[in-house]
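*Asks:* predicted model and sequence follow; I will ask about them next.
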Amino acid sequence: RKEVEQDPGPFNVPEGATVAFNCTYSNSASQSFFWYRQDCRKEPKLLMSVYSSGNEDGRFTAQLNRASQYISLLIRDSKLSDSATYLCVVNRGTGNQFYFGTGTSLTVIP
Amino acid sequence: DTGVSQDPRHKITKRGQNVTFRCDPISEHNRLYWYRQTLGQGPEFLTYFQNEAQLEKSRLLSDRFSAERPKGSFSTLEIQRTEQGDSAMYLCASSLVRQETQYFGPGTRLLVL
């Protein structure tokens, strides 16, 4: 089983829509969680860390459910500039390996 | 620009040749990571350094791959006897010890013919 699994999409949504991505992880001992954004043919960039209590940054909200071992990302009021691949990242906490999901592709349509 | 830099940005080589990539992390970043990314996949961990010490290597990293960080600053990744399956984007990232945020370089895109 993969360490991190994501629905690859693609998700095609109109501007202004709300879209949610989920990601599951296999190791219950995982300690740190992140969402990264990767634009086409560019490097990944940190979007936000995911905290146990959930956290929000403007139009973006991240949630962690440890019992079900999943992480979610909610994007409200989608903009054209949100079009990208969103990568779910998990760190087990033992050692320092970061496991990336395959990414979920989002296209926001005018 | 004080971000992570990688050189070269693109490399085309013939099967069986050796290639070497360089990564310059953000200065004062102790940790340096190498990843490989193929089309439609997320970055796959290869190895990681803390200062000059190589602390972890992926089981997927064959003995044709070697990485160094001799002075705890820049790092090199060498692939010997390249195979077509090595074609990928090779990403370098760096971070501070006390922070988990990784900053990625632009990557080196390798094509093995």
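*Replies:* Okay, I see it.
*Asks:* every contact and neighbour count from this point should use C-alpha atoms.
*Replies:* Fine.
*Asks:* which residue is nearest the centroid of chain B?
*Replies:* By Cα atoms, centre = their mean, chain B has its centre lying nearest to residue B:34, at 3.4 Å.
*Asks:* nearest residue to it other than its sequence neighbours?
*Replies:* Spatial nearest neighbour of residue B:34, chain neighbours left out: residue B:92 (4.6 Å); criterion: Cα to Cα, 6 or more residues apart in numbering or on different chains.
*Asks:* separation between that neighbour and residue A:31?
*Replies:* Distance of residue B:92 to residue A:31, computed by Cα to Cα, to the nearest Å: 23 Å.
*Asks:* which of the two has more neighbours?
*Replies:* Taking other Cα atoms under 10 Å in any protein chain shown, residue B:92 and residue A:31 do not tie; residue B:92 has more neighbours (33 against 14).
*Asks:* so where does the more buried one fall, helix or strand?
*Replies:* strand B:88-95 (DSSP states H and E).
*Asks:* tell me the strands beside that strand, with direction?
*Replies:* strand B:31-37 (antiparallel), strand B:103-104 (antiparallel), strand B:108-112 (antiparallel) (DSSP bridges).
*Asks:* mind putting those into CSV with mean pLDDT?
*Replies:* CSV is the format used below for the strands paired with strand B:88-95 (pLDDT from 0 to 100):
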stretch, mean pLDDT
strand B:31-37, 96
strand B:103-104, 95
strand B:108-112, 98
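*Asks:* so what sits opposite the nearest residue to residue A:11 once chain neighbours are set aside in the bridge?
*Replies:* Among residues not flanking residue A:11 along the chain, residue A:106 sits closest, at 4.8 Å (Cα to Cα, 6+ apart). Beta-bridge partners recorded for residue A:106 (DSSP bridges): residue A:11, residue A:84.
*Asks:* the residue nearest to residue B:34 and residue B:37 touch, don't they?
*Replies:* No. Using Cα atoms under 8 Å, residue B:92 is not in contact with residue B:37; the gap is 10.8 Å.
*Asks:* quick one: average pLDDT of stretch A:73-91?
*Replies:* For stretch A:73-91, mean pLDDT rounds to 97.
*Asks:* could I have the CA atoms of stretch A:60-72 written out in PDB?
*Replies:* Extracted C-alpha coordinates of stretch A:60-72, given in PDB (Å, rounded to 0.1, in the frame of the first residue of the first chain):
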ATOM      1  CA  PHE A  60      -7.700  27.700   2.000                       C
ATOM      2  CA  THR A  61      -8.700  25.400   4.900                       C
ATOM      3  CA  ALA A  62      -6.800  22.300   5.900                       C
ATOM      4  CA  GLN A  63      -8.100  19.600   8.200                       C
ATOM      5  CA  LEU A  64      -6.500  16.500   9.700                       C
ATOM      6  CA  ASN A  65      -8.500  13.500  10.800                       C
ATOM      7  CA  ARG A  66      -6.100  11.200  12.700                       C
ATOM      8  CA  ALA A  67      -8.600   8.500  13.500                       C
ATOM      9  CA  SER A  68      -9.400   8.000   9.800                       C
ATOM     10  CA  GLN A  69      -5.900   8.900   8.600                       C
ATOM     11  CA  TYR A  70      -6.900  11.500   6.100                       C
ATOM     12  CA  ILE A  71      -6.100  15.100   5.300                       C
ATOM     13  CA  SER A  72      -8.300  17.500   3.400                       C
END
